[in-house]
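> fold the following.
(chains A and B)
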Amino acid sequence: MFNDLKKTFGAFIEETKVFLIEREFIVDEKSLETPLWNLELALLEGDVALPVAEDIVQSVRTELLGTTRKWRTDLDEILKDALRKAIADVFTANCFDFDEYIEKVEKPENIVFVGVNGTGKTTTIAKIAHHLANGGYSVIMASGDTFRAGATEQIDKHAEQLGIKLIKHQHGADPAAVIYDAIQYAKARQKDIVLSDTAGRMHTNINLMDQLKKICRVTDPGLVIFVDEATAGNDAVERAKQFNDAIGINGSILTKVDVDAKGGAALSIAFITGKPILFLGTGQKYDDLSKFKPDWLLNRLFGG
Amino acid sequence: MFGDLGSSLRDVIKRVARANRIDKRTIDETVKGIQRALLQADVNVKLVMQLSSKIRERSLDEKPVAGADPREHVIKIVYEELVKIIGEGADVPLSEQTILMVGLQGSGKTSTAAKLARFFQRKGAKPGVICADTYRPGAYEQLKQLCEQIDVPFYGEIDCSNPISIIKNGMKELERCEIKIVDTAGRHALEMDLIEEMKDIHELIKPNQKLLVLDASIGQTASRQAKAFNDAIGITGVIITKMDGTAKGGGALSAVSETNSPIAFIGMGENVDDLERFDPDGFISRLLGMGDIKSLIERAEEVLSPADMDVKSMMRGRFTLKDMYKQLEAIDKFGPLKNIMQMLPFGMELSDDSYQVTKDKLARYKVMMDSMTNEELEDPKIIGSSRIKRIARGSGTSLEDVRELLKYHKIMQKTMKGLRGGRFPMQKLMKKFK
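Prediction:
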């Protein structure tokens, strides 16, 4: 009888063990609510635009709902993994190797840089020129910002410091004509790459966006690169969308990542345009340019 | 899902305005909507959370003021709480003073320095500008060209890399200028050497105003950056730039809350005249979609004589070609039509067609109207095909052009009528809040 009791008790322990350790829970809406909200806040604090953050959190919810998890596995960890995956998907969906592209493309190749005011287009062009020159390509630059005071002087100085030929017209000239001339120059002198600057413009200014369309029509660039800054918040998604809708960008560069912003704008831009992030601008010097890797952003958003 | 990309506080307020009664659920939903709108406007996440819980609490606790219906009650609380954060607009005296411009790279310091000089010049003061940006190539030329454009004294040294010595010389050189504006290089909180340099400049000139220039699109880093600048030199005012785009400027709001310094100006475009005094009530009214008639009228008074534009007659819905002629003239002084329209109460979403009238077109419109008789200007309905022919010949334009002008007038007339018959009694509401 005592043995029976012992046996029963032993079975009970076993059962409890199974109940506690092996039991699986179905992940339901209620248990996800708070942790998902916290993740969304983390994305927002990292400057991922609200609609993008919501969409990504929604995809995590759909993926996890109804799945089972074991007792004592950390829901937060599961969520984080799913989120990492969702974010990585945004970036890996459209891989593009800039250097490989440049190597293979027919020369001369015209690359046009676009973006709103003050995001760092001209500085980025100087960095890309430096990067390509180091790779053994012959590069020229076109001063397509004929509007802003001091713009030509700015790019002129970069050209001088880098020892790169700059094609420029006078202030107020037609930017499409400047870039066209640069391409003709590159053809005549067998240059490889034309890096074309354009004036910063608000995506809401229809006249200036039309001008950009004209530039693309006349100069037929191989690549159109959208330049935006890591310090930007929700507006990044709006302007990336408008530029992409207007002229169809091929990729983006995120500048000013040395500022202590987390750089969620990279995710917003990649998400809305479906185009890759090519480089990060990491400082004021010509060498301060690095290839974008999704891990960089994941680590910035959620720590290493 | 991206259909509601442009959704803002306006939508939330519209929803509340439609609700019949206010209960806990309506309030929760409203607060959630406001939260979303503020987050999307780049207001600091923590600030948003504080604000929304405060609004929820007050909406439930406080009894509506007599005469106000429950929905006005919530709107009023939201409005008040936002006003509390944004504070009063900075008072910008016209007296003798030194102004130091600081900010992140590419936020628009240099353009704003010139705009600010233009502002003081228009007010009758004598400004001068010093370029102390020794880092960015072309900074010197940019500021010099802008100052030449508006005929304001400029000092800079193109080959000198020491901002301190430039400023020393500049202060001497511009001694006779009442208002000295010092533009500095862009820098951010983590660049310790540049922050030190800024402190040295500050120590040297002991400026009366230290203005932080912030891009309207700046995100969550705004608070941290503003704090760093404030800790280093003590910010006295904030200027929000690039407000002519789609960014809402919520980052600037966080900065204001962080530094306890008011917003002085907002930048609305690329021209030297595109700088507006900041009016906190107006800013929030606009954010809430309640219109900002006050600042429109104020601006109209500043640049136009009363005869230039009869706002009241426009609001009454009588809008003749003559009114449009005056309006076109006003646009030259005002800036783009869209800016004006955004200041008006909501409920009148304009089609893009009516905005996109280029400067050239405006000029052509004016020439055509000059070829019309007084009668035609007062009553465009009488313009038939033979009159169109005459006007086209007289102004050297085509029949199409004249017809286009008449069509544009019709669109504008409709718009002006819309202003009068807004669906919500917002003017009444605004009066209550004053």
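
> got the contact list for B:Ile99?
B:Ile99 is in contact with B:116, B:179-182, B:207-211, counting by C-beta atoms under 8 Å, 6 or more residues apart in numbering or on different chains. (Glycine included, C-beta is placed from N, CA and C.)

> select only the buried ones of those in PyMOL?
To isolate the buried members of these in PyMOL, using 16 or more other C-beta atoms under 10 Å in any protein chain shown:
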select buried, chain B and resi 116+179+180+181+182+207+209+210+211
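
> residue contacts, residue 185?
Unless you meant another one, I'm taking chain A. By C-beta under 8 Å, 6+ apart, A:Tyr185 lies in contact with A:140, A:165, A:167, A:191.

> that's the wrong chain, I wanted chain B
Taking C-beta under 8 Å, 6+ apart, one finds B:132-136, B:139, B:163, B:194 in contact with B:Ala185.

> if I read this right, A:Thr67 contacts A:Phe25, doesn't it?
No: A:Thr67 is beyond contact range of A:Phe25, at 9.7 Å (criterion: C-beta atoms under 8 Å).

> residue ranges of the helices in chain A, please?
Ranges of helices in chain A, per DSSP state H, are A:2-17, A:29-45, A:50-64, A:75-92, A:98-104, A:121-134, A:151-162, A:175-188, A:206-219, A:235-247, A:265-273, A:294-302.

> turn these into a markdown table, including mean pLDDT and distance to B:Glu404.
Below are these laid out as a markdown table (pLDDT from 0 to 100; distance: least, C-beta to C-beta, whole Å):
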| stretch | mean pLDDT | distance to B:Glu404 |
| --- | --- | --- |
| helix A:2-17 | 66 | 83 |
| helix A:29-45 | 88 | 46 |
| helix A:50-64 | 92 | 38 |
| helix A:75-92 | 85 | 45 |
| helix A:98-104 | 95 | 45 |
| helix A:121-134 | 97 | 36 |
| helix A:151-162 | 96 | 34 |
| helix A:175-188 | 97 | 26 |
| helix A:206-219 | 95 | 17 |
| helix A:235-247 | 95 | 24 |
| helix A:265-273 | 95 | 35 |
| helix A:294-302 | 87 | 49 |
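
> what sits against B:Ala139?
By C-beta under 8 Å, 6+ apart, the residues touching B:Ala139 are A:150, A:154, B:110, B:131, B:133, B:183, B:185.

> the same query, at a cut-off of 6 Å, please.
Contact partners of B:Ala139, counting by C-beta atoms under 6 Å, 6 or more residues apart in numbering or on different chains, are B:Asp133.

> the contacts of A:Tyr185: which two are farthest apart?
Farthest apart among the contacts of A:Tyr185 by C-beta to C-beta are A:Ile167 and A:Lys191. That separation is 10.3 Å.

> and the contacts of B:Ile99, which two are the farthest apart?
Using C-beta to C-beta, the contacts of B:Ile99 span at most 14.3 Å, a distance reached by B:Ile179 and B:Lys210.

> tally up the residues packed near residue 275, please.
Went with chain A since none was named. As a burial measure, A:Lys275 scores 20 neighbours (other C-beta atoms under 10 Å in any protein chain shown).

> actually chain B
Using other C-beta under 10 Å, B:Leu275 has 25 other residues around it.

> how far away is the nearest residue to it once chain neighbours are set aside from B:Thr134?
Leaving aside its sequence neighbours, B:Leu275 sits nearest to B:Lys115 (C-beta to C-beta, 6 or more residues apart in numbering or on different chains; 3.9 Å). For B:Lys115, the distance to B:Thr134 (C-beta to C-beta, to the nearest Å) stands at 22 Å.

> just want to know which of those two has more residues nearby.
Neighbour count, other C-beta under 10 Å: between B:Lys115 and B:Thr134, B:Lys115 has more, with 25 against 21.

> return the distance of the helix or strand that contains that one from the chain's centre.
B:Lys115 belongs to helix B:109-122 when elements are defined using DSSP states H and E. The chain centre lies 15 Å from the centre of helix B:109-122; the measure is C-alpha atoms, centre = their mean, to the nearest Å.

> can you name the next helix or strand after that helix?
Heading C-terminal from helix B:109-122 (DSSP H and E), you reach strand B:127-132.

> can you list the residues of chain B near chain A?
Residues of chain B lying near chain A by C-beta under 6 Å from any C-beta of the partner chain: B:1-2, B:5, B:39-40, B:42, B:45, B:106, B:108, B:137-138, B:141-142, B:145-146, B:188, B:190, B:217-221, B:224, B:244-247, B:251, B:356, B:358.

> now those: which count as buried?
Among the residues of chain B next to chain A, those buried by neighbour count (16+ other C-beta under 10 Å) are B:5, B:39-40, B:42, B:45, B:106, B:108, B:137-138, B:141-142, B:145-146, B:188, B:217-221, B:224, B:244-247, B:251.

> in helices only, show me those.
Counting by DSSP H, those contribute B:39-40, B:45, B:141-142, B:145-146, B:221, B:224, B:251 to helices.

> circling back to that earlier point, just the ones of the contacts of B:Ile99 in strands?
Among the contacts of B:Ile99, the subset assigned to strands under DSSP state E consists of B:179-182, B:209-211.

> can you list those in JSON lines and add pLDDT?
Output for these, formatted as JSON lines (pLDDT from 0 to 100):
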{"residue": "B:Ile179", "pLDDT": "97"}
{"residue": "B:Lys180", "pLDDT": "97"}
{"residue": "B:Ile181", "pLDDT": "98"}
{"residue": "B:Val182", "pLDDT": "97"}
{"residue": "B:Gln209", "pLDDT": "95"}
{"residue": "B:Lys210", "pLDDT": "96"}
{"residue": "B:Leu211", "pLDDT": "97"}
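
> can you put these in JSON lines and add distance to A:Asp245?
Output for the ones in strands among the contacts of B:Ile99, formatted as JSON lines (distance: C-beta to C-beta, whole Å):
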{"residue": "B:Ile179", "distance to A:Asp245": "43"}
{"residue": "B:Lys180", "distance to A:Asp245": "45"}
{"residue": "B:Ile181", "distance to A:Asp245": "39"}
{"residue": "B:Val182", "distance to A:Asp245": "41"}
{"residue": "B:Gln209", "distance to A:Asp245": "41"}
{"residue": "B:Lys210", "distance to A:Asp245": "40"}
{"residue": "B:Leu211", "distance to A:Asp245": "35"}
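
> which one of the residues you listed is nearest to B:Asn374?
Of the ones in strands among the contacts of B:Ile99, the one sitting nearest to B:Asn374 (C-beta to C-beta) turns out to be B:Ile179, at 45.9 Å.

> any idea how far that closest one lies from B:Glu173?
15 Å.

> and the pLDDT at the closest residue to B:Gly124 other than its chain neighbours?
Computed as C-beta to C-beta, 6+ apart, the closest residue to B:Gly124 that is not its neighbour in sequence is B:Leu94, at 7.5 Å. If you check B:Leu94, the pLDDT there is 92.
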